[in-house]
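Chemist: return a 3D structure for these sequence lines:
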Amino acid sequence: MKKTTLPWLMMIAFFAVSCGPIFEGGGGGGLWDLLQGSRSLEGTWYVNGDRSKRAEIVSTGDGLQARNERGQTSRLEVNRDGTVRALDWEGGLRAEVRRDRIEWPNNVTWTRDAR
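Modeler: The predicted structure is shown next:
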């Protein structure tokens with residue numbers, strides 16, 4: 001019985017390391033840590049890098065909430081494929097997360113850094 005335990009433990013350790021919560025997000029957008037994904041999105045963002053157009057993502061009791069530069073809010077869903085979806089905007093507006101950028105399909109990009 002002991003001879004079969006070691007191989008199983010080795011396989012479990014291998015999968016724990018190799019299949020960890022890191023994945024390639026958004027078609028080459030870089031490594032994105034799934035477990036920290038929601039937390040890493042929280043904070044201040046700038047619309048197209050413009051310091052005067054602040055957006056924000058905050059954690060609420062129901063999950064994440066995004067607020068755009070006009071003060072409109074939406075519940076935010078984080079997906080395993082490196083995308084987020086603003087459930088209350090445009091019928092579920094989906095954006096790609098690329099490290100310090102959120103690229104929305106309406107030609108708007110939220111960045112961490114402002115000009």
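
Chemist: any idea of the mean pLDDT in stretch 70-79?
Modeler: The predicted model assigns stretch 70-79 a mean pLDDT of 96.

Chemist: let me fix that, I meant to ask about stretch 84-91.
Modeler: pLDDT averaged over stretch 84-91 gives 96.

Chemist: ok, and for that stretch, which residues are buried?
Modeler: By 16 or more other CB atoms under 10 Å, the buried positions in stretch 84-91 come out as 84-86, 89. From N, CA and C alone the C-beta is placed, and that goes for glycine too.

Chemist: in strands only, show me those residues.
Modeler: If you go by DSSP state E, the buried residues of stretch 84-91 have 84-86 in strands.

Chemist: and which of these is nearest to Trp110?
Modeler: Looking at those and their distance to Trp110, the nearest is Val84, at 10.1 Å (CB to CB).

Chemist: just the closest of the ones in strands among the buried residues of stretch 84-91 to Gln72, please.
Modeler: The shortest approach to Gln72 among those belongs to Ala86, at 9.4 Å (CB to CB).

Chemist: helix, strand, or coil at Ser38?
Modeler: Counting by DSSP: H, G, I helix; E, B strand; the rest coil, the backbone at Ser38 sits in helix.

Chemist: without its sequence neighbours, what residue ends up closest to it?
Modeler: Among residues not flanking Ser38 along the chain, Val78 sits closest, at 5.3 Å (CB to CB, 6 or more residues apart in numbering).

Chemist: and the one you found, how far is that from Gln72?
Modeler: Val78 sits 19 Å away from Gln72 when distances are taken as CB to CB, to the nearest Å.

Chemist: quick one, which of the two is more surrounded?
Modeler: Using other CB atoms under 10 Å as the criterion, Val78 and Gln72 rank with Val78 on top: 18 against 12.

Chemist: report the contact partners of the more buried one.
Modeler: 37-38, 41, 64, 84 (CB atoms under 8 Å, 6 or more residues apart in numbering).

Chemist: burial count for Thr109?
Modeler: Neighbour number of Thr109 under other CB under 10 Å is 16.

Chemist: good, we can wrap up now.
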